[in-house]
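1. Below: sequence and its predicted model.
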Amino acid sequence: MNVKLFASRRVALALATVVAGASAAAMPAMAQAPVIVGNQTATATVESVDHDAGMILLRDKTGNLDTVRVDPDLRAKLPVLHPGDKIGLRIVRTIDASIAPPGAPLPESTENAAGTRTGPHPHGMMVSFKRERVKVTGVDTTRNQVVFVDPDDITRVVLVRQKAMQDFLKTLKPGDEVDTTVMDAVSFSVLSRLPS
């Protein structure tokens, strides 16, 4: 299980999987709908919780450990997890992209959470929308590759895999600025809890 919530750089990873689908209409190229690039379920056991830092250490069924960070603004909305809790997780990732019109303001990222805190099986959901603008520096439609510079001024070369995204790739040219949105939705439910 690889659950790293609200990581600082998601665009490079997401664009490595997909750029985004678009129509070739007269309007600026933009995604027809967000594309699902990840959808998985898992179970894990809570190994430890650092409530002050918002860090939760999870062990998956194969014994791998993974640390999940929960933003301070979201913690109060979620149920409290305890060491020994067995939780079920569903993780969905989508990406959407569109060519940014000249002079458009930079996109803003958002995060939110909700959950129930009572009962034997509390559950919650965290959703983040990581929005960034990248600048296209090269397009190779025969290899389905795009080269872009991310907000940290790092040049990336990405293979575009999905057919709908390859259609969008054909609308891009060097100099285009593309707004990307990576949505991560993680829902969880406490399946069993050690008696306290």
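-> Everything's here; your move.
2. Confirm for me that residue 174 is in contact with residue 137.
-> Yes: the pair residue 174 and residue 137 passes the contact test of CB atoms under 8 Å, sitting 5.5 Å apart. To be clear about C-beta, it is placed using only N, CA and C from the backbone, and glycine gets the same treatment.
3. With neighbour numbers in mind, choose between those two.
-> More neighbours surround residue 137 than the other of residue 174 and residue 137, with 15 against 12 (other CB atoms under 10 Å).
4. Any buried residues in the helix or strand that contains the more buried one, and which?
-> Per DSSP states H and E, residue 137 falls inside strand 123-140. Buried positions in strand 123-140, judged by neighbour count with 16 or more other CB atoms under 10 Å: 123-136, 139.
5. got it, and stretch 62-77?
-> Under the neighbour-count criterion of 16+ other CB under 10 Å, stretch 62-77 has 66, 68, 70, 74 buried.
6. what's the straight distance from one end of it to the other?
-> End-to-end span of stretch 62-77 (CA to CA, to the nearest Å): 30 Å.
7. same question, stretch 77-94
-> Terminal-residue distance, stretch 77-94 (CA to CA): 23 Å.
8. Run the chain-centre distance for it.
-> Between the centre of stretch 77-94 and the centre of its host chain there is 16 Å, according to CA atoms, centre = their mean, to the nearest Å.
9. quick one: strands adjacent to the strand holding residue 137?
-> Strands flanking strand 123-140 in the sheet, each with its direction: strand 110-116 (antiparallel), strand 145-149 (antiparallel), strand 177-192 (antiparallel) (DSSP bridges).
10. Make a markdown table out of the ones you listed and add mean pLDDT, mean neighbour count and distance to residue 159.
-> Listed next are the strands paired with strand 123-140 as a markdown table, based on pLDDT from 0 to 100; neighbours: other CB atoms under 10 Å; distance: least, CB to CB, whole Å:
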| stretch | mean pLDDT | mean neighbour count | distance to residue 159 |
| --- | --- | --- | --- |
| strand 110-116 | 86 | 14 | 29 |
| strand 145-149 | 96 | 19 | 6 |
| strand 177-192 | 92 | 20 | 16 |
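11. Ok, which of these comes nearest residue 86?
-> Each of these was checked against residue 86 via CB to CB, and the shortest separation belongs to strand 177-192, namely 4.6 Å.
12. Just the CA atoms of the closest one, as CSV, please.
-> Listed in CSV are the C-alpha atoms of strand 177-192, where the atom choice follows Å, rounded to 0.1, in the frame of the first residue of the first chain:
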residue,chain,number,x,y,z
GLU,A,177,0.6,26.7,-20.1
VAL,A,178,-1.5,23.9,-18.7
ASP,A,179,-3.5,23.9,-15.5
THR,A,180,-3.5,20.5,-13.9
THR,A,181,-5.7,19.2,-11.1
VAL,A,182,-4.9,16.0,-9.3
MET,A,183,-7.7,14.9,-7.0
ASP,A,184,-6.9,12.4,-4.3
ALA,A,185,-9.9,11.0,-2.3
VAL,A,186,-9.2,8.7,0.6
SER,A,187,-12.0,7.2,2.6
PHE,A,188,-11.5,4.9,5.6
SER,A,189,-13.6,3.0,8.1
VAL,A,190,-12.5,1.4,11.4
LEU,A,191,-13.3,-2.2,10.9
SER,A,192,-12.3,-3.4,14.3
